[in-house]
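Undergrad: give the three-dimensional model of this entry:
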Amino acid sequence: MDGLNVGKGNLYGLARTAYANPTQAMEAAARIRDQNFGPRVTYSRNVFVPLTKLGRDNCGYCTFAHPPRPGERAYLTPEEVLGIARWCGRRL
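TA: Numbers count the residues shown, from 1 in each chain. Prediction:
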């Protein structure tokens, strides 16, 4: 499996194989990444700190979001926001 010349008909089979054996799929993805980009490691100084936990999570992008729940705060406190920012700052 070279990962570059995959016909449309093989995609479902590859997905089933990757689901059954994710280690093999991750190793193949790492080989393709290394062939195309080398050992380069990048990062971004931009940090997104969500101020709310609310959302419908229809897109799957923000996995932390959920519909309002009874008895649960919808918004982070200023202390929680600052704590996240400090945690991120120590890692950059």
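Undergrad: what are the phi and psi values for the residue lying farthest from the centre of the chain?
TA: Distance from the centre of the chain peaks at Gly71, with 28.6 Å (Cα atoms, centre = their mean). With angles defined as degrees, to the nearest 10, Gly71 sits at phi 80, psi 0.
Undergrad: which residues touch it?
TA: The contact partners of Gly71, by Cβ atoms under 8 Å, 6 or more residues apart in numbering, come to none. For glycine as for every other residue, the C-beta is placed from the backbone atoms N, C-alpha and C.
Undergrad: how near is it to Tyr43?
TA: 38 Å (Cβ to Cβ, to the nearest Å).
Undergrad: and the longest helix along the chain, what's its mean pLDDT?
TA: Longest helix in the chain by number of residues (criterion: DSSP state H): helix 22-37. Averaged over helix 22-37, pLDDT sits at 89.
Undergrad: give me the buried positions along it.
TA: For helix 22-37, the neighbour count (16 or more other Cβ atoms under 10 Å) marks 25, 28 as buried.
Undergrad: list the buried residues of the helix or strand just after it.
TA: For helix 22-37, the following helix or strand on the C-terminal side (DSSP states H and E) is helix 78-91. Residues of helix 78-91 include none that count as buried (16+ other Cβ under 10 Å).
Undergrad: can you list the neighbours in contact with helix 78-91?
TA: 47, 49, 51, 76.
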